[in-house]
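Student: sequence first, then the predicted structure, then my questions.
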Amino acid sequence: MRFEEIDLTHAPAFLEFVRDVRAHDPPTFAAMLAPSQDGDWNDLSFAAFVRNCERERLDWRPKAGRTSITSYVAIDGEDVVGFGRLRFPLTPALEANGGNVVFTVPPARRGRGWGTLTLNRLLFEGARAGLARALVTCAADDEITRRCIERNRGESAGLYRGREKFWIPLR
């Protein structure tokens, strides 16, 4: 598996990933892969998405009041098997709802350990960025994501608005 920042070379695999998530997991599609302006994903909208990801990635030491967001893909062969974002520093809004890390695996690849591995690689990047711990959340009834988080040493910090919060030590 390769774990890389998203770029234009990932277009065909990422567009297939988007089609899978859109067809089989509409809530994740709406939350993480909001449709392009024309309402559909294609090569042009993917290029715009990558440009936006490049703008969101500020620096490993963003200025006060700014959050750096870096988007990554996990690649197995030619397929995207995981997508995630690392966000820091935490703002009050991110701490209340979301955390440092968000990730998903295409429905066709779930149940094979890709979520645990994708989260692990995101946490590694967080440690490289200097984070001492990372906040990850999931829906209170999402057992699969909960297991991915717990396999990566996540410690429950309770529920907030139907989401369970986990702190994961990185050092």
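Tutor: Everything's here; your move.
Student: list the contacts for the nearest residue to F14 once chain neighbours are set aside?
Tutor: For F14, ignoring the flanking residues on the chain, the nearest one in space by C-beta to C-beta, 6 or more residues apart in numbering is V80 at 5.4 Å. The C-beta positions use only the backbone N, C-alpha and C, and glycine is treated the same way. For V80, the set of contacting residues under the criterion of C-beta atoms under 8 Å, 6 or more residues apart in numbering consists of H10, A13, F14, E16, F17, V73, A74, P106.
Student: the fifth one against T104, yeah?
Tutor: No: taking contact to mean C-beta atoms under 8 Å, the distance of 9.0 Å between F17 and T104 leaves them out of contact.
Student: can you check which residues contact both of the two?
Tutor: F83.
Student: which of these two has more neighbours?
Tutor: Taking neighbours as other C-beta atoms under 10 Å, F17 and T104 compare with F17 leading, 25 against 22.
Student: now W41: how far from F14?
Tutor: 9 Å (C-beta to C-beta, to the nearest Å).
Student: what does the model give R171 for pLDDT?
Tutor: Reading off the confidence values, R171 has pLDDT 83.
Student: residue contacts, the spatially closest residue to it that is not a sequence neighbour?
Tutor: Nearest-residue entry for R171: A132, 5.4 Å, with adjacent residues in sequence omitted and distances by C-beta to C-beta, 6+ apart. Remark: with contacts taken as C-beta under 8 Å, 6+ apart, A132 is in contact with P169, L170, R171.
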